[in-house]
Structures are given as C-alpha cells and as structure tokens.
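> coordinates for the following, if possible.
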Amino acid sequence: QISEADLCGLCKTTPSAENCANCPFNSDESPPAFDDRSDAKGPEPECVTTGVMPDGTRLVFSGLERTGGIITYDISNPSEPVLQDFLNVRNWKTAPEDTTTFADPFYNLNDGPESLIFISADESPIGTPMLAAATPLAGRLTLYRIVQGERRTTDGSCSSTATCPYISVEQGGTGAALSISLCEITTDPATRASLGCATTGDTDAPTPAPVIGVTSPPTPSP
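Numbering: from 1, shown residues only. Okay, here's the model as predicted:
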C-alpha cells in the first residue's frame, strides 16, 4: 500500500473524485495530483544500475524521477525477472499544515532520484551491499542498505509530515527511523571493532532506518 495511511485504498475499492483526491498514482506533486502523469511518461524511470549480492544474486535498480521511489528486480535469470522491492522515501504532504508550516522542499524528502550507484559488500564501509541515490530536487545523497528479509507492507512513503519517520520530532515528524547507530548496520568485524561495537551485536536496537529489501522468490505451486 502507498504510505502508512494507504492513500489509494479507498480509490481502489470505491473510486470517486473525493476518494482518489489524495491517491498519488502517477503523481509527481505533493500533495498528490491523481493520475497527472499517465499522458506524460508516467513515473518516468530516470536511472538504472545493476549489482551482484554476496550470494551471486544479480539485481537491477531503477529510480523513478516523477513519482519517486526505487524499484528492485532479481535478474539472475534475465528472461524471468522477479520483483523484489519498491521503496519510496517521500512525503506526500496530505495534511493542511503541509502546505503552510511544512511547505519547504526539505519536507519532500527523496523526491526524484536521478542517479544510482551500487556499492558491493567488499567496497561497502559497513560490510553490507548498499545503493547510493542522488535526488537533486531535494539536494540529497542517500545510502540505502540492501538486505534480505520479509516483503514490506507499504512503499515506505509518508502521508504527511506529522506521520513521517524520516523527519525528526523537532522538525515536525516522528523521527522513528532516525534513532539508529552504526553498530546496528555494520556487519564487517574489523569495522565493528573500530567503532567499539558489541561483539555479538546490540540487542537494544532502535527502530532501523528503511532499507531496500531482497526477498526470496515464492516456491512455485506443484
């Protein structure tokens, strides 16, 4: 679903102008302008890169400039790509105060990725594969960890500033994704030692920052 508020839920089940008003389908605006990109290249994939995970899985990443977000596919078999993840660190700003108090472009977050670079585990400073994403509109360079885990239940976007975990409490958000230590994301033993991390890892981990998830393909039915 789109954001923690499932912004397109009612639009899908009971479509109407009112129910679709805040649905960001094919929208590059915040607040959303429903379906305003379908006649103009849609979400507009702007950049693409590939990388190989430590287990040999080959992934392709595509950044969507207009709607925002990064799509990840397993292309180990190029003729049968498998969708792995869609992560959109973006604030749709649907609350009234988002167009006044939080109108500054800073609050749009990672809107419009235009360049992606894969960083292998061997080259990563934390021992885990990463993806570097440049978003010029936001003036940001973001590093995402690439890990294997359960499929996410939302696309990672925020419906409003007040519900956004990527924005600190002082700046109007919840800050839930900001309380993270390097020890919680570093897997390389030598780097962990240099940081003074616990040998067995930290057990009182704060809420982790968003990552690009890699999921195992479902087992085919007999």
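
> contacting residues for residue 83?
71, 72, 73 (CB atoms under 8 Å, 6 or more residues apart in numbering). For the C-beta atoms, the positions are set from N, CA and C on the backbone; glycine is no exception.

> so which bits of the one helix or strand it maps to are buried?
Using DSSP states H and E, the element containing residue 83 is strand 82-87. Using 16 or more other CB atoms under 10 Å as the burial criterion, the residues of strand 82-87 that qualify are 82, 84, 85, 86, 87.

> same question for stretch 57-75.
57, 59-75.

> now swap in stretch 15-22 and tell me
Buried residues in stretch 15-22 (16+ other CB under 10 Å): 19, 20, 22.

> and which of these is nearest residue 130?
Each of the buried residues of stretch 15-22 was checked against residue 130 using CB to CB; the closest is residue 22, at 32.6 Å.

> tell me the phi and psi of the closest one?
Dihedral pair for residue 22: phi -100, psi 10, per degrees, to the nearest 10.

> equivalent analysis for residue 13, please.
phi -90, psi -40.

> bridged to the residue sitting nearest the centre point of the chain, which residues?
The centroid of the chain falls nearest to residue 87 when counting by CA atoms, centre = their mean (2.9 Å). Taking DSSP bridges as the rule, residue 87 bridges to residue 70.

> quick check: which element contains residue 142?
strand 140-148.

> tell me what that strand is packed against?
Judged by 3 or more CB pairs under 8 Å, 6 or more residues apart in numbering; DSSP states H and E, strand 140-148 is in contact with strand 130-135, strand 212-214.

> worst average pLDDT in these?
The minimum mean pLDDT among those belongs to strand 212-214 (a mean of 50).

> sketch out the low-pLDDT regions of this protein for me.
Applying pLDDT under 70 to the chain flags residues 179, 199-222.

> the strands in the chain, which residues?
45-52, 58-64, 70-74, 82-87, 115-119, 130-135, 140-148, 212-214 (DSSP state E).

> and the ones you listed as JSON lines, adding distance to residue 174?
Shown next, in JSON lines, are these (distance: least, CB to CB, whole Å):
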{"stretch": "strand 45-52", "distance to residue 174": "29"}
{"stretch": "strand 58-64", "distance to residue 174": "25"}
{"stretch": "strand 70-74", "distance to residue 174": "22"}
{"stretch": "strand 82-87", "distance to residue 174": "18"}
{"stretch": "strand 115-119", "distance to residue 174": "27"}
{"stretch": "strand 130-135", "distance to residue 174": "21"}
{"stretch": "strand 140-148", "distance to residue 174": "19"}
{"stretch": "strand 212-214", "distance to residue 174": "21"}
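
> out of the ones you listed, nearest to residue 196?
strand 140-148 (20.4 Å).

> alpha carbons of the closest one, as PDB, please.
Only the C-alpha atoms of strand 140-148 are listed here, as PDB (Å, rounded to 0.1, in the frame of the first residue of the first chain):
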ATOM      1  CA  ARG A 140      20.200  14.800  -1.100                       C
ATOM      2  CA  LEU A 141      22.600  11.900  -1.400                       C
ATOM      3  CA  THR A 142      21.100   8.800   0.300                       C
ATOM      4  CA  LEU A 143      22.800   5.500   1.100                       C
ATOM      5  CA  TYR A 144      20.500   2.500   1.300                       C
ATOM      6  CA  ARG A 145      21.400  -0.900   2.800                       C
ATOM      7  CA  ILE A 146      20.400  -3.900   0.700                       C
ATOM      8  CA  VAL A 147      19.400  -6.800   2.900                       C
ATOM      9  CA  GLN A 148      17.300  -9.900   2.600                       C
END
